[in-house]
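> heads up, no residue letters with this:
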Ligand SMILES: NC(=O)c1ccc[n+]([C@@H]2O[C@H](COP(=O)([O-])OP(=O)(O)OC[C@H]3O[C@@H](n4cnc5c(N)ncnc54)[C@H](OP(=O)(O)O)[C@@H]3O)[C@@H](O)[C@H]2O)c1
């Protein structure tokens, strides 16, 4: 029987991209998608008719247990910090007979860094090869700390295989119901609303990034590994498009927006953290902090990203 993949977050930006990427490689695999409403389910099946829908949410405990028990792989691509979901999925996986793993889509926001001040560059690049012990010992001051730890501790407790995929900023047009993410599209919206671009502080932070279609490929790869369907795939994340001053992206966005008549000038204001946070409560967090990563362990598997870098995708974001 074709492998059965239980997917949460199927209507989201990354989960929605996982479906076409997986289908392109393994059209016979069953993808069982958790969605919150019947309407969302209908939107999803009109785009991907072969996808099966279960209606519920991350608090639908018995549903999560039951679906995870039946699955060959669970991909948690909804809210990664939802602890109940992790616990229930693990209960289901441990009760199942398929040695199925949990692949949890988390995030590299755990390494957000303003050690030299908001808007200033940090020299620290977090490498999941070299820095793994430190990353695994993060405390509650780090984003995603509780959920990442729970994935590993529940995995050990139930003897269930786990993988955490923790991407940095994700960019590019997705093929799911939700085509765009937060990061840069939110910035474009703010530039439009105030008629001018901005950076936080001096705008010298560096943020690694990965295209949505590349990160979806990483999830497909992990699923393949788990199922033993192929000898691998070639995985790397967080490298391409990284090592670029965040200002570099912002500058290109402002110039493209000016060129399209969306804003009056391509000049950028320098906002304080307080001013930026009045535009969006996460502005300092997202646009004034560093998030520099190096995915050594995936790179060690030999994979390289295939999709264009951030700057090459700015134009399509403004269409
Ligand atoms: N986007 C990025 O740049 C980025 C970077 C690093 C890490 N991540 C992490 O990756 C994960 C997915 O991100 P995304 O960008 O794909 O998010 P998204 O576009 O907002 O999608 C979230 C998905 O999860 C579903 N969902 C959320 N809460 C739920 C709940 N309580 N019960 C059931 N379904 C729920 C949403 O359903 P509805 O459609 O019903 O809302 C949607 O399908 C998140 O944990 C995020 O922190 C994202």
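Yep, it's here. Keep in mind that this is a model prediction, so the values were computed, not measured.

> which residues of the stretch 51-200 of the chain lie near the ligand?
By CB under 6 Å from any ligand atom, the residues of the stretch 51-200 of the chain that approach the ligand are 57-58, 77-80, 82, 105, 107, 167, 169-170, 178, 181-183. All C-beta atoms are positioned from the backbone trio N, CA, C, and that covers glycine.

> next one: the stretch 201-319 of the chain
Counting by CB under 6 Å from any ligand atom, no residue of the stretch 201-319 of the chain lies close to the ligand.

> now the stretch 101-250 of the chain against the ligand: closest residue?
Among the residues of the stretch 101-250 of the chain, residue 107 lies closest to the ligand, at 3.0 Å counting by CB to the nearest ligand atom.

> same check, this time on the chain
Closest contact between the chain and the ligand, by CB to the nearest ligand atom, is at residue 12 (2.1 Å).

> for that residue, give its distance to residue 71.
19 Å (CB to CB, to the nearest Å).

> so those two - more neighbours on which side?
Neighbours per residue (other CB atoms under 10 Å) separate residue 12 from residue 71, with residue 71 holding more: 24 against 20.

> helices along the stretch 51-200 of the chain, start to end?
Secondary structure of the stretch 51-200 of the chain by DSSP state H, counting those that start in this stretch: the helices cover 61-70, 83-95, 132-136, 145-158, 183-194.

> figure out which of those is closest to residue 200.
Nearest to residue 200 among the helices of the stretch 51-200 of the chain is helix 183-194; the distance by CB to CB comes to 10.5 Å.

> rewinding a little: may I ask which of the residues of the stretch 51-200 of the chain next to the ligand has the most neighbours?
Counting neighbours by other CB under 10 Å, residue 105 leads these with 27 neighbours.

> returning to what we had before: will you turn the helices of the stretch 51-200 of the chain into CSV that also has mean pLDDT?
Listed next are those as CSV, based on pLDDT from 0 to 100:
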stretch, mean pLDDT
helix 61-70, 98
helix 83-95, 98
helix 132-136, 88
helix 145-158, 93
helix 183-194, 93
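
> follow-up on the earlier one: shouldn't the residue of the stretch 101-250 of the chain closest to the ligand be in contact with residue 145?
No: under the criterion of CB atoms under 8 Å, residue 107 is not in contact with residue 145, lying 11.4 Å apart.

> identify the bridge partners of residue 165.
residue 105 (DSSP bridges).

> pLDDT value on it, please?
On pLDDT, residue 165 comes in at 89.

> single out the most deeply packed of the helices of the stretch 51-200 of the chain.
Mean neighbours per residue, mean count of other CB atoms under 10 Å, is largest over the helices of the stretch 51-200 of the chain for helix 83-95, with a mean of 21.

> contact partners for residue 55?
Residues near residue 55 by CB atoms under 8 Å, 6 or more residues apart in numbering: 34-38, 41.

> narrow the residues you listed to just the buried residues.
Neighbour-count burial (16 or more other CB atoms under 10 Å) applied to the contacts of residue 55 gives 34-35, 41.

> which one of these sits closest to residue 292?
residue 34 (33.0 Å).

> residues touching the closest one, list them.
6-10, 54-58, 60, 63-64, 67, 78.

> so which of those residues belong to strands?
Here DSSP state E is the test, and those give 6-8, 54-55 as lying in strands.

> and the strands in the protein?
4-8, 30-35, 52-55, 73-76, 102-105, 126-127, 162-165, 169-171, 197-200, 209-211, 268-271, 293-294.

> to residue 224, which of these lies closest?
Evaluated over the strands of the chain, closeness to residue 224 peaks at strand 73-76, with 9.2 Å, by CB to CB.

> which helices and strands sit right next to the closest one?
The criterion is 3 or more CB pairs under 8 Å, 6 or more residues apart in numbering; DSSP states H and E, and the helices and strands that strand 73-76 contacts are strand 4-8, helix 83-95, strand 102-105, helix 212-227.

> among these, which comes closest to residue 125?
Nearest of the helices and strands packed on strand 73-76 to residue 125, taken as CB to CB: helix 212-227 at 18.9 Å.

> now the closest one, how far from the chain's geometric center?
When distances are taken as CA atoms, centre = their mean, to the nearest Å, helix 212-227 is centred 12 Å away from the chain's centroid.

> what's the mean pLDDT across that helix?
Taken as a whole, helix 212-227 has an average pLDDT of 90.

> by how many degrees do it and strand 30-35 diverge?
Between helix 212-227 and strand 30-35, the angle comes out at 120 degrees (axes from the mean of the first three to the mean of the last three CA atoms, to 10 degrees).

> buried residues, helix 212-227. List them.
Applying 16+ other CB under 10 Å to helix 212-227 flags 212-227 as buried.

> what do you get for stretch 114-134?
114, 118-122, 125-128, 131.

> and the end-to-end length of that stretch?
In stretch 114-134, first residue to last residue: 18 Å (CA to CA, to the nearest Å).
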